[in-house]
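Could you look at this predicted model? Sequence included:
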Amino acid sequence: MWESESESAAGREYGNGVFTSSNHGVQTVGFEQRGQSWYVATDIPSDFLVQVENFNFHLHKYPLLSRSGKMNRIIYESRDPEMSKIVLDDSPGGPESFELAAKFCYGIAVDLSASNISGLRCAAEYLEMTEDLEEGNLIFKTEAFLSYVVLSSWRDSIVVLKSCEKLSPWAENLQIVRRCSESIAWKACANPKGIRWAYTGRPAKVSSPKWNDIKDSSPSRNQQVIPPDWWFEDVSILRIDHFVRVITAIKVKGMRFELIGAVIMHYATKWIPGLINGTTGPGDEASHSSTSNTSSGSNSWKGGLHMIVAGNKDETSNVQAKDQRMIIESLISIIPPQKDSVSCSFLLRLLRMANMLKVAPALVTELEKRVGMQFEQATLADLLIPSYNKSENMYDVDLVQRLLEHFLVQEQIESSSPSSQSFSDKHMYEGTQRGNNPNAKMRVARLVDSYLTEVSRDRNLSLTKFQVLAETLPESARTCDDGLYRAIDSYLKAHPTLSEHERKRLCRVMDCQKLSIDACMHAAQNERLPLRVVVQVLFSEQVKISNAIANNALKEAGESQYQPMISNRKTLLEGTPQSFQEGWTAAKKDINTLKFELETVKTKYLELQNDMDNLQKQFDKMVKQKQTSAWSSGWKKLSKLTKITTVENHHMGPHISTTAEQTTKTPRRWRNSIS
């Protein structure tokens, strides 16, 4: 708290449009409020009325003119020394800030605090209370309080920045927002071990385990361990534009991108109600702040996203959608570019909200690329994004197709030019990218197969979209096509009217040789599959059986070569660990089960072959019966020709036999002559 000295002001005269002070004084002990009006507690009647919004201030000219350049200029430009009323509806800070400025002009003690300093500083600038009129005027004193008191305090900087939401653009022009943002950024980047100021974040015991890596090795019993995310809750009460200013300043200071991503996710879950299931709206602090912001002008922030706006439901929903769209667009623009700065699940939920709220297409495309960078971390629940456009499909399959293409492009870039990454990125992801890269496509393949199984139940899903999405991944990404077979079978169930050609086209995306035994047994009995596909499945299974038998024979032959080196099986088992013996027993049991299943499949295959032979015989018989009448004359001619041929052969028989005997006897004489 500070007090201004009692000032005397009388006998003013014009000088270059500014009143100067003389020796006439007004003594007062304070202000009195009567309804919507303020009065000075003095015996001298007021001669000047100042109207600020809906409040009337009954004041005296001389104390105001002695310290306000704006008042001097208004009266001077009006050319009316007897002017008794002025309207200041555009005064920043409203009636509250003008009341404090008026008290300062009368020499009344004013209590400065973090909640009123920003409004009073803007009001002083608006009223032009500079050092040219009076030494130690209001601008000087408010600037000193901001610089030496507010900016040195964490909580005061937060409160002042929060109060600047109603003071645009004055707070921006006076650099109050910038200075508070930088002050908050410096303190947020400080080492948690050295924090001595108060904050309202979560206690250390409920802090996320992810941020517990920075602790004292041996903290004292009475010392509280400060988590690195201690500042999340405090900065999350700020309006989105001020939050962006703080995060931008924090990035310049060099904070770790994981912490920046974590605070962005914390802010999003607090201010976007539909982002997380079960979240109904912002917290208590945000709700309170939004309520206090509703009294500001048309250019001010509309407050929390769940606030009730006077008007119909359409207007309320439009205001909420506009605010949420602004938050999402701002958050997308400040997400760190590093790969794992935020989770893939958060990005997909943000993408869902962005599509629903019609966010700018350029930002949506950027968000899709970010999802593609870490698409292998996604889950099926996050991918089931409803289609918000005019498409008849239940889910946005085109979006998943684009995400998959971004993932493949990113994989190709990483595999072809690893030197394109920065040194820090290489060091950060050397253990994950190089080690898990081959498995990333396999995880994505399983995810896509599960997604196809889920969306195939949509009767409006076209065969082309299903086929394109299934064939986007390369063949090497799938070591087993069981998931793809389940998706195909589910699509056939939901679309029973498919033609034979369409069913064959659908099954073409599946490789029968990559099906497991269970899938093959199911496919062999699946009436929805084309017959040709069933035969391919059985044939591929027969090949697998033959290969397995051949490999088993080679394995037994190889083991027999080393049999003399081991005395007996009991000695071998005694020399092996117990875990290996148990594993061998389980493996042998699985082999026996596999052999039994193979024999079962082979038997069913033979039965199907017999059925096909019987069907072929019946078909040939039916065709033969139809063609009997047409070929009757031909059979008669053929019988006559057969008789003639028989007679000729009968006459030529002796001659042929004699020639044969001569040819057989000649070699004998030749062999006898040699002997």
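Right, received. Where do you want to start?

Lowest-scoring secondary structure element of the protein by mean pLDDT?
The least trusted helix or strand in the chain, going by mean pLDDT, DSSP states H and E, turns out to be strand 18-19, with a mean of 30.

And the next helix or strand past that strand?
In the C-terminal direction, the helix or strand that comes right after strand 18-19 (DSSP states H and E) is strand 31-34.

what's the strand or helix carrying E414 in contact with?
Secondary structure from DSSP H and E places E414 in helix 397-416. Applying C-beta atoms under 8 Å, 6 or more residues apart in numbering, the contact partners of helix 397-416 are 351, 355, 368-369, 371-373, 375-376, 383, 385, 387, 391, 420-421, 433, 437, 440-441, 444, 448, 451, 455, 461, 465, 468-469, 472-473. (C-beta placed from N, C-alpha, C; glycine too.)

Could you tell me which of those residues belong to helices?
Secondary structure assignment by DSSP state H places 351, 355, 368-369, 371-373, 383, 433, 437, 440-441, 444, 448, 451, 455, 465, 468-469, 472 of the contacts of helix 397-416 in helices.

can you give me the end-to-end distance of stretch 227-239?
Using C-alpha to C-alpha, to the nearest Å, one end of stretch 227-239 lies 24 Å from the other.

What's the mean pLDDT across that stretch?
Averaged across stretch 227-239, pLDDT comes to 90.

give me the number of residues near L403?
25 (other C-beta atoms under 10 Å).

If we go by neighbour counts, what in stretch 462-470 is buried?
Buried residues in stretch 462-470, counting neighbours by 16 or more other C-beta atoms under 10 Å, are found at 465-467, 469-470.

right, and out of those residues, which lies closest to Y485?
Nearest to Y485, judged by C-beta to C-beta, of the buried residues of stretch 462-470 is A470 at 11.0 Å.

Isn't that closest one up against Y485?
No: contact criterion C-beta atoms under 8 Å: A470 and Y485 do not qualify, at 11.0 Å.

where's the closest residue to P192 other than its chain neighbours relative to V159, distance?
Nearest residue to P192 in three dimensions, chain neighbours excluded: I226, at 3.8 Å (C-beta to C-beta, 6 or more residues apart in numbering). Distance of I226 to V159, given as C-beta to C-beta, to the nearest Å: 21 Å.

re the thing from before, mark which of the contacts of helix 397-416 are buried, thanks.
Using 16+ other C-beta under 10 Å, the buried members of those are 351, 355, 368, 371-373, 375-376, 383, 385, 387, 421, 433, 440-441, 444, 448, 451, 455, 461, 465, 469, 472-473.

And the helices in the stretch 501-650 of the chain, which stretches?
Ranges of helices in the stretch 501-650 of the chain, per DSSP state H, counting those that start in this stretch, are 517-524, 531-561, 569-574, 578-626, 632-651.

I'd like to know which of these has the weakest mean confidence.
When these are ranked by mean pLDDT, helix 569-574 comes last with a mean of 45.

Show the low-confidence segments of the stretch 251-400 of the chain, by residue range.
277-316 (pLDDT under 70).

how about the strands of it, start to end?
In the stretch 251-400 of the chain, no segments count as strands under DSSP state E, counting those that start in this stretch.

Just give the nearest non-adjacent residue to A198, would you?
Per C-beta to C-beta, 6+ apart, closest to A198 is R155, 6.0 Å.

Surely that neighbour and K187 touch.
No: between R155 and K187 there is no contact under C-beta under 8 Å: 10.1 Å.

In terms of neighbours, single out the busier of the two.
Per other C-beta under 10 Å, whichever of R155 and K187 has more neighbours is K187, with 19 against 14.

Look up the closest residue to the more buried one, ignoring the ones flanking it.
What sits nearest to K187 in space, not counting adjacent residues and going by C-beta to C-beta, 6+ apart, is W154, at 5.1 Å.

Now the helix holding E414 - C-alpha only, PDB.
The C-alpha trace of helix 397-416 is given here as PDB (Å, rounded to 0.1, in the frame of the first residue of the first chain):
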ATOM      1  CA  VAL A 397     -12.700 -44.100 -43.400                       C
ATOM      2  CA  ASP A 398     -11.100 -41.600 -45.700                       C
ATOM      3  CA  LEU A 399      -9.400 -39.900 -42.700                       C
ATOM      4  CA  VAL A 400      -7.900 -43.200 -41.600                       C
ATOM      5  CA  GLN A 401      -6.700 -43.800 -45.100                       C
ATOM      6  CA  ARG A 402      -4.900 -40.400 -45.100                       C
ATOM      7  CA  LEU A 403      -3.400 -41.100 -41.700                       C
ATOM      8  CA  LEU A 404      -2.100 -44.500 -43.000                       C
ATOM      9  CA  GLU A 405      -0.500 -42.800 -46.000                       C
ATOM     10  CA  HIS A 406       1.200 -40.200 -43.800                       C
ATOM     11  CA  PHE A 407       2.600 -43.000 -41.700                       C
ATOM     12  CA  LEU A 408       4.000 -44.900 -44.700                       C
ATOM     13  CA  VAL A 409       5.500 -41.700 -46.100                       C
ATOM     14  CA  GLN A 410       7.200 -41.000 -42.700                       C
ATOM     15  CA  GLU A 411       8.500 -44.600 -42.600                       C
ATOM     16  CA  GLN A 412       9.900 -44.200 -46.000                       C
ATOM     17  CA  ILE A 413      11.600 -40.900 -45.200                       C
ATOM     18  CA  GLU A 414      13.100 -42.300 -42.000                       C
ATOM     19  CA  SER A 415      14.400 -45.500 -43.700                       C
ATOM     20  CA  SER A 416      15.800 -43.700 -46.800                       C
END
